[in-house]
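Q: Model the structure of this input:
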Amino acid sequence: MTSDSPAVLFYDAQRAALLVDPDITERKMFGTTALCIGGKVFMFPWKDALVLKLPADVVEELVASGEGELFDPGHGRTSKTWAAVDSVASDRWSQLSFAAREFVAG
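A: From the prediction side, this is the model:
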């Protein structure tokens, strides 16, 4: 993942905008930084994709449309609520990152 990839640039912009909220924090995850709400991760950049925690039906839709895939950090285990959303869907990243934040916040 390069520092000028679309996912990293989007993440950095979101990070700058969201960390002013005391409920939003950041932590290390899989060798990168992740944004959290209430201590729970909702978004991070990974291998030129944006990884988001979303409801299973949204993840299924992203996978079916070819805009994303089930996130696998490299150990062969995926989760139905984690999607790696490709840059082909970068026009949806803002909406999806908001949905991820809301989903994780409960």
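
Q: Pass me the low-pLDDT residue ranges in the chain, would you?
A: Scanning the chain for pLDDT under 70 picks out 1-2.

Q: ok, which stretches of it are strands?
A: 24-29, 32-37, 40-46, 49-53, 68-70, 82-85 (DSSP state E).

Q: Output those strands in a markdown table, with mean neighbour count and distance to residue 60 appended to each entry.
A: Quick note: C-beta positions are derived from backbone N, CA and C, even for glycine. Converted to a markdown table, the strands of the chain look like this (neighbours: other Cβ atoms under 10 Å; distance: least, Cβ to Cβ, whole Å):
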| stretch | mean neighbour count | distance to residue 60 |
| --- | --- | --- |
| strand 24-29 | 14 | 23 |
| strand 32-37 | 19 | 23 |
| strand 40-46 | 22 | 18 |
| strand 49-53 | 25 | 13 |
| strand 68-70 | 19 | 9 |
| strand 82-85 | 25 | 9 |
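
Q: Reformat the ones you listed as a markdown table; add distance to residue 105.
A: As requested, the strands of the chain are exported to a markdown table (distance: least, Cβ to Cβ, whole Å):
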| stretch | distance to residue 105 |
| --- | --- |
| strand 24-29 | 10 |
| strand 32-37 | 5 |
| strand 40-46 | 8 |
| strand 49-53 | 11 |
| strand 68-70 | 21 |
| strand 82-85 | 16 |
